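1. Any chance you could fold what I've pasted below:
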Amino acid sequence: MSLREKLGQMMQPDWRNFRSMPKLESLCSATLPSGLASLVKRSLNGPLSEEACERGLGSDGLGSVLGGGGACPVPNVPSAWQKQMSAMQRAAAKAGSGLPLLICNDSVHGQANLRDATLFPHHIGQGCMDDPALVEELARIAALESYACGLNWIFSPCAAVAQDLRWGRTYECFSEDPALAGELAAAEVRGIQRCGFPMAACVKHWVADGGTILGSGNFDMGGIGKAVKAHGLDQGDARMDETELRRTHVAPYLPALAEGALTVMVSYSSVNGQKCHASERLLTGLLKQELGFQGLVVSDYNAVQQCGANFGDAVATVLNAGVDVVMTAGGLFGDLLFRKQLDAMEANVREGRVLATRVDDAVRRVLRVKMKMGLIRAREAQPGGEGASALEAAQAAEAGGQPRRLFYAEEAPMGEATCVGSADHRAIARRAVAKSCVLLKNEAGLLPLPLAVAHTPAVLAPPPTATHAASAPPCGSSGGVPGELLVTGAAAHDLGYQCGGWSLEWQGCRGNAFTKGTTLWEGIHAARPDATLVSSKAAASRKPKAARAAGCSVALVLTGEPPYAEGFGDVASLALPEADARTAAALADAGWCVVLVLVSGRPLVLPPALLDRLAGVVAAWLPGTEGAGLADVLFGRVGFGGKLAFSWPRRDEQAVASVRAKDPLFPLGYKITTQPHAAAACAPPLGNTRQSVADAP
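-> As a prediction, this is how the structure comes out:
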């Protein structure tokens with residue numbers, strides 16, 4: 001392999017660079033409202049021809065490419081994905097090295113760049129399921145639906161342990177408990193890498209990205225988010241001693257690494273003032289040498305640029321620190337084209353600023369990953385040999401002037417497209433939604449609600465049991481003939497709210513047309529056709545037909561956070577949305593039994609005056625496309641069993657875990673369990689899945 005071919009294996013540009021198109025900043029800023037996202041997507045995701053793939057890939061022998069948040073072919077269907085990925089693999093095969101590509105995607109809760117894929121609860125919800133086997137199964141589904149699109153590398157799981165709930169990536173974390181986070185990260189690695197096809201997991205973000213200090217962050221992705229979020233948490237500084245670093249933030253990686261995770265992604269953040277990408281101590285000393293990690297270490301998107309005054313200095317710093325693969329926008333915006341970056345890397349090696357042995361180590365790691373995945377094997381490798389022998393053979397051939405292929409590589413068959421969004425996958429995702437919902441308050445056993453008149457049980461279910469649950473004043477009985485059911489709130493009928501960020505777009509979407517799924521309201525309405533959906537404004541003035549004491553008139557207020565991702569989700573306050581909070585209080589004062597359902601990426605503060613008025617509170621997190629799972633627990637098809645993976649704050653001042661632990665509103669592990677209604681347990685499935693609107697031409 002020539003030096004340029006080796007460096008090509010270390011470069012990972014966004015594949016949207018290969019198209020002839022205007023630059024991102026000439027279309028619109030990434031900070032614009034999500035309503036403009038479709039305009040950006042159609043401009044960035046035009047057809048990628050065979051010639052464009054050869055032009056973009058062939059001359060540099062690239063080792064991997066990624067599609068950033070929102071990247072997809074048009075039309076956004078599996079067959080188009082397969083056609084595009086096959087074209088890129090063919091172009092890579094024609095390069096001098098002939099090595100197949102690693103093609104990467106943020107399938108963090110399903111193949112989230114694919115329309116009509118199965119999207120399941122984000123990690124914060126999965127952490128509440130108390131079911132590692134189900135986490136593994138969800139990861140397997142994500143891998144299968146990703147492989148059906150020609151992808152073979154998933155940037156997940158996230159092993160971060162969020163310490164401050166105001167961080168915009170809290171929902172990407174399984175738990176504030178390092179042990180639980182590590183157990184579930186390992187389960188996800190198993191699901192991805194044992195899916196039956198070549199697929200690599202990526203544990204991220206090394207290390208302590210969940211431990212940053214408020215005010216230390218400066219959200220900047222080489223221009224995408226510059227100056228959007230200064231003095232926040234994302235990409236901030238984690239200030240702690242070595243004991244805390246290892247106990248809280250390194251510990252969750254250990255089970256995932258032991259499970260054989262093939263890749264690790266580095267964090268944008270810093271530890272005690274030094275960027276993780278620039279830390280030889282953390283990348284080489286701790287991860288590779290002390291922990292013995294043999295896979296490849298990849299940078300985060302455009303993170304290299306944060307580590308020096310210019311790209312040449314920055315890339316020398318991160319490569320010497322231990323980064324093996326440079327992930328980059330690569331010219332998608334700005335003038336720093338990925339070929340210019342390759343030029344800078346090559347100049348560093350020729351000038352001795354990056355040693356050839358460091359390059360060989362990085363390439364060896366890339367080859368080792370591809371071999372372990374079964375993508376390549378060396379012609380002259382000994383039995384059981386890995387990337388080292390292959391690289392040595394390549395070097396010998398180069399020295400001897402023998403330009404011949406040293407690897408066997410065949411184009412891998414694509415996965416089965418019919419699995420995408422299949423009924424089986426959606427049923428498993430729906431089960432995960434039900435298991436992830438945490439019942440925080442249940443006054444006098446109000447929940448589960450009666451399913452319908454014909455299905456009302458003759459005998460009430462046993463009273464709920466609670467772990468760490470305080471008693472509450474009575475609200476009324478859930479027995480008898482079902483009465484009024486009012487449904488309201490910003491999150492009631494909006495797939496965008498319930499899917500959150502990393503769902504078709506980097507920052508998520510709004511409304512119901514962007515993908516196929518069942519909204520929370522549709523699941524509720526299927527269970528109770530007599531339910532009424534009204535706006536928050538209209539609901540605030542509604543009066544119940546029966547007195548609260550009769551226990552017949554119930555209002556479900558579904559509220560939470562609009563979608564966000566990364567630094568755009570950093571907040572100063574954990575307050576409930578004001579309009580829905582006012583509506584919930586007004587409904588309670590009018591005599592309704594109010595159940596507040598929180599659709600959010602983190603715990604939100606429940607003001608005491610409001611909490612005292614509520615008959616029930618449910619944390620539904622960000623459930624994904626299968627909203628009927630919420631109806632399953634609300635109406636007793638299955639019992640509530642989810643338990644908190646994050647302790648719950650009483651007030652904003654408890655946003656940090658160490659402060660919250662002293663007096664939380666609800667502690668880590670809190671849950672209230674209920675039993676299913678006998679009739680509901682054998683009732684037909686609830687809800688239906690709406691078809692999405694097709695891609696416009």
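2. quick check: longest helix of the chain.
-> Longest helix in the chain, counting residues (DSSP state H): helix 356-373.
3. what's it packed up against?
-> helix 3-9, strand 102-105, strand 296-298, helix 311-321, helix 387-399 (3 or more CB pairs under 8 Å, 6 or more residues apart in numbering; DSSP states H and E). Heads up, the C-betas are built off the backbone N, CA and C, glycines and all.
4. give me that answer again for 6 Å
-> helix 3-9, strand 296-298, helix 387-399 (3 or more CB pairs under 6 Å, 6 or more residues apart in numbering; DSSP states H and E).
5. Tell me which residues are up against the helix or strand harbouring Gln498.
-> Assigned by DSSP states H and E, Gln498 belongs to helix 495-499. For helix 495-499, contacts defined as CB atoms under 6 Å, 6 or more residues apart in numbering pick out 119, 491, 508-512, 517, 519, 563, 599, 623-624, 627.
6. Give the rounded mean pLDDT of it.
-> Taken as a whole, helix 495-499 carries a mean pLDDT of 98.
7. roughly how far is it from the heart of the chain?
-> 13 Å (CA atoms, centre = their mean, to the nearest Å).
8. which is the next helix or strand following that helix?
-> Beyond helix 495-499 toward the C-terminal end (DSSP H and E), the next one is helix 520-527.
9. After that following helix, which helix or strand is next? Please name it.
-> Next in line after helix 520-527, if elements are assigned by DSSP H and E, sits strand 532-533.
10. Who are the packing partners of that following strand?
-> Using 3+ CB pairs under 6 Å, 6+ apart, strand 532-533 sits against no helix or strand.
11. Toward the C-terminus, what is the element adjacent to it?
-> helix 536-539.
12. So which elements touch that following helix?
-> By 3+ CB pairs under 6 Å, 6+ apart, helix 536-539 packs against helix 578-589.
13. Which of the three states applies to Pro73?
-> Of the three states, Pro73 takes coil under DSSP: H, G, I helix; E, B strand; the rest coil.
14. Identify the residue nearest it in space, chain neighbours excluded?
-> Distances taken as CB to CB, 6 or more residues apart in numbering put Ala80 closest to Pro73, at 4.0 Å, once the chain neighbours are dropped.
15. circling back: now a PyMOL select for only the buried ones of the contacts of helix 495-499.
-> Remark: buried members of the contacts of helix 495-499, expressed as a PyMOL selection using 16 or more other CB atoms under 10 Å:
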select buried, resi 119+491+508+509+510+512+517+519+563+599+623+624+627
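16. quick one: which of the contacts of helix 495-499 is nearest to Arg358?
-> Nearest to Arg358, judged by CB to CB, of these is Gly508 at 38.7 Å.
17. roughly how far apart are the nearest residue to that closest one once chain neighbours are set aside and Ala655?
-> Sequence neighbours aside, Pro563 is the residue nearest to Gly508 in space, at 2.6 Å (criterion: CB to CB, 6+ apart). In this view, Pro563 and Ala655 are 21 Å apart by CB to CB, to the nearest Å.
18. Kindly report the same for Leu614.
-> From Leu614 to Ala655 the distance is 22 Å (CB to CB).
19. any idea how far Leu611 is from the nearest residue to Val77 once chain neighbours are set aside?
-> In space, not counting the residues next to it along the chain, Val77 is nearest to Arg115; the distance is 7.1 Å by CB to CB, 6+ apart. Per CB to CB, Arg115 is found 39 Å from Leu611.
20. Between these two, which is the more surrounded one?
-> Arg115 (20 against 16; other CB atoms under 10 Å).
21. was I right about the more buried one contacting Asn76?
-> Yes - under the criterion of CB atoms under 6 Å, Arg115 makes contact with Asn76 at 4.2 Å.
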